[in-house]
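S.K.: the amino acid sequence is not available; the structure is as follows:
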């Protein structure tokens, strides 16, 4: 254990990104937060930014901020996000929630593949995506197929998570998109668990459609606005089912006839949630400043280190590794399986100042956010998990229900 | 003019709500803000609230705030909003944008009236509502009818603004709902321009469905989350077309099968935008503290006063009154018509420190927000409008395009 701590300190000392931790509000250094894959930490610059948006832009500039600050904000965010996901700036839109965006894109995509009656997903996809696809399938007369098998000539749309939420497995977007295209299907990727964590090349993979959230590795705050991507050549072919005024050509002439805006903007709906959008900028800026390739290198180093720690210190207590070992199949969180995972998770939160999260049935997710997670935190968290097991401190939580995390 | 100022001062001195102005951040007393019907002012308590939500709840408490603060926030907001719109607390939901909520409710309502092929609205409805209804109608094989005529046996749904955005006309919700029900149709009211401005009795009117925004008279900030209402007995009959995880029974068991939550909660979609929701509470609290009947009394007194001022000081310059004079047909803004309305609006904003807004083709909207608008402001704003006309200061704006307000 002392050796692990020592090694962690060396890794931290040699970490070229170590100064980024200072960009975040961390007032309790004892608290080890390994849940940045669910809700990222608060960047210090977001504190100043939110004061500016609330107190100056809203409070002082009032309605004038729509022209001067808030409409330009969307454009700026989209250009920056495009760099992180390997897209052009006119292929990205910040709006609504991931669920609503997935709904809009999936429903819009189906008419492009007439005569095909299947939507393909898999069981590792985020449940909300499956619910939404299932609702659409019922309404449109498609069949939602949950299978590992590839697309067939019946498949209209393949909708998958780029990184799965439970095991943290990273899918090969390029190969799977190619496979879908060979079968004549469109692809719709959910980037929620990959954006800001791994390099994404939507254009490089020739991906058709994508959605994603900004409150995980982009550190944009609770329920921050989501984004969507539509490859440029598809934009004019797609119709937004939710024809709100922000997606209408020349919304402010207030005419009664709907004509969609040119390009991707037609997928806007109602007034953008400015207070939930503004913090995206700080989050995205931090990713761009650190460089996504540097973040990926550190992330792999951290998850490697964590897997080593699991093997030596935690496997003896019955923990399994639920995350792939291969680099190319792993994103930025490590899931450890244990029959008492929920009780252990609660004991860690309540008694050991370690915050991971629990995902049914048996996963403890340990998220590494290279912008603020240190190697030493991983070593100490592992010691604390071992301590919980050694002292059986988790036993008093065996009958507890999960909390929302 | 001196007489008007004097009368205004007396009205302000006798105004029982005058102290509520101190609840708002107003650092430039020269600036007369008559656009609270588009974006309400910043309540001072929202400044403290947002710092708490960002810096403490997100920054310090991190993911634990979902259970401890953010899920209870929704419930609390819904109970308070229910009081303002005359509903039960289990009939209101805070979520998404007005446009997305209108989409969900309209699409969910149609199957309850099989065999009827019309959706009825009118030309005074907010354009975004018409666009959304039109998109739905096309998809479902209905016809969107824009008419003054009442519902017929072909009408499935009547969707109207409770207060129209241009003229500020207040509709008789109770009578029109009764008329729609007699024809066998459902009603869907957009409360965006009435909530917080006039007393609303959804239950009293036996209204079926409603949506509304919170960033106008509720002063909840730019693009704040919207709300929806479903009368209790309809809730179990309606299916949310956007089946996101927050609307699923027991979302956090992460099962793959979708089963809707009991009651209205099934109309939730994705993760709530916490930073865009939190300020709703300050806004709604202020309405409840002032009392909606008191606000309505002051609002009518203010719009009466403004109409008097128009008659004596502005009608001579060619302004018409586009808002009904009858109290029961008037909400809280007064629209003045003028052939050069846009240029006058721009001159007021740029040269006279008066902020109204412009709505095509010829409306200058002067919004009275009784929580912070003073009678003296109305008298001075009128003087400044007259001054713009007298000096022809608007002429240099005759070729300008509208800004977003």
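M.R.: Done, it's in. Just so it is clear, the structure is predicted and the values come from calculations on it, not from any experiment.

S.K.: from chain B, how far off is the nearest residue to residue A:234 once chain neighbours are set aside?
M.R.: Using CB to CB, 6 or more residues apart in numbering or on different chains and skipping residues adjacent in sequence, the residue nearest residue A:234 is residue A:208, 6.0 Å away. The C-beta positions use only the backbone N, C-alpha and C, and glycine is treated the same way. Residue A:208 is 21 Å from chain B, where distance means CB to the nearest CB, to the nearest Å.

S.K.: list the contacts for residue A:208?
M.R.: Residue A:208 is in contact with A:109, A:177, A:186, A:187, A:188, A:230, A:231, A:234, counting by CB atoms under 8 Å, 6 or more residues apart in numbering or on different chains.

S.K.: so which of those residues belong to strands?
M.R.: Among these, the members falling in strands (DSSP state E) are A:186, A:187, A:188, A:230.

S.K.: for residue A:43, which non-adjacent residue is spatially closest?
M.R.: residue A:282 (4.6 Å).

S.K.: wait, doesn't residue A:263 sit right on residue A:235?
M.R.: Yes. Residue A:263 lies in contact with residue A:235 (CB atoms under 8 Å); the separation is 5.1 Å.

S.K.: I'd say residue A:117 and residue A:153 touch.
M.R.: No. Using CB under 8 Å, residue A:117 is not in contact with residue A:153; the gap is 10.6 Å.

S.K.: out of those two, which sits in the busier spot?
M.R.: Counted by other CB atoms under 10 Å in any protein chain shown, residue A:117 and residue A:153 do not tie: residue A:117 has more neighbours, with 16 against 10.

S.K.: just to revisit the earlier point, could I get the contacts of residue A:208 in CSV, plus columns for pLDDT?
M.R.: Below are the contacts of residue A:208 laid out as CSV (pLDDT from 0 to 100):
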residue, pLDDT
A:109, 98
A:177, 98
A:186, 98
A:187, 98
A:188, 98
A:230, 98
A:231, 98
A:234, 98
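
S.K.: quick check: which element contains residue A:205?
M.R.: Residue A:205 is part of no helix or strand, with elements assigned from DSSP states H and E.

S.K.: so what's it up against?
M.R.: A:86, A:173, A:174, A:177, A:178.

S.K.: okay if I get those residues as JSON lines plus neighbour count and distance to chain B?
M.R.: Output for these, formatted as JSON lines (neighbours: other CB atoms under 10 Å in any protein chain shown; distance: CB to the nearest CB, whole Å):
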{"residue": "A:86", "neighbour count": "18", "distance to chain B": "24"}
{"residue": "A:173", "neighbour count": "25", "distance to chain B": "22"}
{"residue": "A:174", "neighbour count": "13", "distance to chain B": "27"}
{"residue": "A:177", "neighbour count": "23", "distance to chain B": "23"}
{"residue": "A:178", "neighbour count": "13", "distance to chain B": "27"}
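
S.K.: those in helices, which ones?
M.R.: A:173, A:174, A:177, A:178 (DSSP state H).

S.K.: surely the first one touches residue A:190?
M.R.: It refers to residue A:173. No. Residue A:173 lies out of contact with residue A:190 (CB under 8 Å); the separation is 11.1 Å.

S.K.: next, show the common contact partners of those two.
M.R.: residue A:162.

S.K.: next, the contact list for residue A:376, please.
M.R.: Residues in contact with residue A:376 (CB under 8 Å, 6+ apart) are A:5, A:8, A:9, A:12.

S.K.: list the buried ones in the strand or helix carrying the second one?
M.R.: Using DSSP H and E, residue A:8 falls within helix A:2-13. For helix A:2-13, the neighbour count (16 or more other CB atoms under 10 Å in any protein chain shown) marks A:4, A:7, A:8, A:11, A:12 as buried.

S.K.: SS state for whichever residue of the stretch 251-400 of chain A sits closest to chain B?
M.R.: Relative to chain B, the nearest point of the stretch 251-400 of chain A is residue A:270 (2.9 Å; CB to the nearest CB). Here residue A:270 is coil, with the state taken from DSSP: H, G, I helix; E, B strand; the rest coil.
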